[in-house]
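Novice: one predicted model, sequence on top.
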Amino acid sequence: MNINRVPTGIKELDGILEGGYPLQQGILISGPPGSGKTILATHFLYKSCKDGKKCMLMLTHVNVESFLEQALSIGIDFQACIDKGSLFIKKAFETRTNKIYNAARHGTGIGFLEKDCVQNVQDIPDDVEIVVIDNLDMLSLYHSTEEFADKFFTINDILFAKKCTTLFLIGHEESRVKHAIAQHTSFGNIELFMDRDPITGKGMRQMYIPKMRCTYLSLEPLNFKITHEGIKIEKIFQRDEMIKGALGPLL
Ligand SMILES: Nc1ncnc2c1ncn2[C@@H]1O[C@H](COP(=O)(O)OP(=O)(O)O)[C@@H](O)[C@H]1O
Ligand SMILES: [Mg+2]
């Protein structure tokens, strides 16, 4: 069965994902800090805005200016999208900073801050088609495993009912169990890594897609670079080709 897709904003990735992210589903983007999660989501938001879709970005850990500045540094200017209302950025970070300040003053602790995350998602207007939550780390940090599972499941359910195509960004070093729960609950998962090439010793970025329902996956890791034009996926890494390349003269 062919399912509908939403372009990722990265041509090579669309090719790999049979056209893009599955429509109206929740996809988990995981990886350590600096691995490229926000940039991957930036491409998706920009492409979706350009295609006339209504988008919402919920920023929980950086301020809006930093996000817009990094987008500009890869040649993406959201100003016109914001001005015409195709991109709405929810300033969850600024709200949190104020709440932390108040909580500190009144000695109430800050764990309650994420308690309203389900409400935030419930409040997303019905005409929003594309949602990016950057990121789930605070939700994970301030909740027990059971609470995290319940809330993430609920958030997924609400977004599914609202027919949103959603990217959930998450770091995966904080809790393996919570990451696994998020992987189980999501329709798909893209993992981003930074590693060293065992042969050349050079640093490299890799993307691995362990899960994408309704989609053929080769399970080959993809090498990519982040440049001033954003994410560039390199030639698909073929282990057999590499071995042939390395042993060529001996074969
Ligand atoms: N304009 C740019 N040119 C080249 N690399 C960039 C540029 N902007 C960001 N990067 C790279 O992307 C990284 C940040 O990616 P980001 O998506 O914000 O990571 P994450 O969200 O996973 O923490 C930076 O550490 C840098 O290596
Ligand atoms: Mg980020």
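Specialist: It's in. Ligands and ions are numbered 1, 2, ... in the order given.

Novice: CA atoms for contacts and neighbours, from now on please.
Specialist: Noted.

Novice: give me every residue in this structure lying close to ligand 1.
Specialist: Counting by Cα under 6 Å from any ligand atom, the chain comes close to ligand 1 at 31-39, 70, 73-74, 226-228.

Novice: just the buried ones from those residues, in PyMOL syntax?
Specialist: Only the buried entries of the residues of the chain next to ligand 1 go into this PyMOL selection, using 16 or more other Cα atoms under 10 Å:
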select buried, resi 31+32+35+36+37+38+39+70+74
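
Novice: wasn't Leu68 part of a helix?
Specialist: Yes: counting by DSSP: H, G, I helix; E, B strand; the rest coil, one finds Leu68 located in a helix.

Novice: please verify my assumption that it contacts Ile74.
Specialist: No: Leu68 is beyond contact range of Ile74, at 10.2 Å (criterion: Cα atoms under 8 Å).

Novice: which residues does stretch 128-138 contact?
Specialist: 24, 38, 41, 45, 48, 53-61, 114, 163-171, 174 (Cα atoms under 8 Å, 6 or more residues apart in numbering).

Novice: next step: those restricted to strands.
Specialist: Mapping the contacts of stretch 128-138 onto strands (DSSP state E) picks out 55-59, 165-170.

Novice: give me the mean pLDDT for stretch 88-108.
Specialist: Throughout stretch 88-108, pLDDT has a mean value of 69.

Novice: if you could redo that for stretch 120-140, that was the one I meant.
Specialist: Mean per-residue pLDDT for stretch 120-140: 93.

Novice: could you work out the end-to-end span of it for me?
Specialist: By Cα to Cα, to the nearest Å, the extent of stretch 120-140 from end to end equals 16 Å.

Novice: same thing with stretch 206-223?
Specialist: Using Cα to Cα, one end of stretch 206-223 lies 5 Å from the other.

Novice: who touches it?
Specialist: By Cα under 8 Å, 6+ apart, stretch 206-223 touches 1-3, 16-18, 187-195, 204-205, 224, 233-238.

Novice: so how far is the helix or strand hosting Ala71 off the chain centroid?
Specialist: Ala71 is part of helix 64-73, with elements assigned from DSSP states H and E. In this view, helix 64-73 has its centroid 16 Å away from the chain centroid, taken as Cα atoms, centre = their mean, to the nearest Å.

Novice: buried ones in that helix?
Specialist: By neighbour count on 16+ other Cα under 10 Å, the buried set for helix 64-73 is 64, 70-71.

Novice: dump those residues to CSV, plus distance to Asp137 and pLDDT.
Specialist: Listed next are the buried residues of helix 64-73 as CSV, based on distance: Cα to Cα, whole Å; pLDDT from 0 to 100:
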residue, distance to Asp137, pLDDT
Val64, 18, 94
Gln70, 20, 98
Ala71, 21, 98
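
Novice: with respect to ligand 1, which of those is nearest?
Specialist: If you rank the buried residues of helix 64-73 by distance to ligand 1 using Cα to the nearest ligand atom, Gln70 comes first, at 5.6 Å.
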